[in-house]
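**Q** Everything below, folded, please.
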Amino acid sequence: MDELAAQGENNFKVGKIRFEGHHPDCGKFKSHTLLIKGKKYCPGCTGLSVGAFLAILGISIYYFLNFPNIFLHISFWIGCGMVFLMLLLLIFLDLGNRLKLIANLALVLGSLFLLVGIDAVKKNIIIEFYFLILVVFWILTRMSISEINHKIICQECREESSCIYDKY
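**A** Okay, here's the model as predicted:
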């Protein structure tokens, strides 16, 4: 492959960058990957996925087995605190890979606690539907923040190769 063919549309040389999940292996994304049983995973995606699985399991248990009523009222405030704190941590701090995994997991589980609390107190399908839209918004916000961080890392990169993130 000649040098002209190796140039991307932004005229950056395309190096031999491999990807670990959806992160380049250029060395700038070490805190964005987590080694589990010899395989590299994205802590953000893994936390959101495992959290979603646990949330589905939790909501199924809630609807079919019911929780004690005292827990249901407290769960709303626990969920509010978890979602608020995790979004702040994910937005403003550069967490290590394990903390990113835990924060993303807690973000989804906090959403579960909020949903259970809202259902217990209001029992209003419109409010619950509105809440589900908010959860999707929070997760999309989390993903947008991650994409912006990845672009910043690539912008600051001094290497002549490019990866999937545009250099502006």
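**Q** Pull the residues that contact stretch 105-114.
**A** The contact list for stretch 105-114 (C-beta atoms under 8 Å, 6 or more residues apart in numbering) reads 47-48, 50-52, 54-55, 58-59, 75-76, 78-83, 85-87, 90, 131, 135, 138-139, 142. Every residue, glycine included, has its C-beta placed from N, CA and C.
**Q** Could you list the buried residues of the longest helix belonging to the chain?
**A** Looking across the chain with DSSP state H, the single longest helix is helix 125-155. Buried residues in helix 125-155, counted by 16 or more other C-beta atoms under 10 Å: 131, 135, 138-139, 142, 146, 149-150, 153-154.
**Q** Now list the buried members of the contacts of stretch 105-114.
**A** 47-48, 51-52, 55, 58, 75-76, 78-79, 82-83, 86-87, 90, 131, 135, 138-139, 142.
**Q** Check the offset of the longest helix of the chain from the chain's centre.
**A** Here helix 125-155 shows a centroid-to-chain-centroid distance of 8 Å under the convention C-alpha atoms, centre = their mean, to the nearest Å.
**Q** Stretch 58-73 now?
**A** For stretch 58-73, the distance to the chain centre is 26 Å (C-alpha atoms, centre = their mean).
**Q** How about stretch 28-37?
**A** Using C-alpha atoms, centre = their mean, the offset of stretch 28-37 from its chain centre is 14 Å.
**Q** With stretch 114-130 instead?
**A** 24 Å.
**Q** now the end-to-end length of that stretch.
**A** One end of stretch 114-130 sits 12 Å from the other (C-alpha to C-alpha, to the nearest Å).
**Q** So residue 116 sits against residue 75, correct?
**A** Yes. Counting by C-beta atoms under 8 Å, residue 116 touches residue 75, with 4.8 Å between them.
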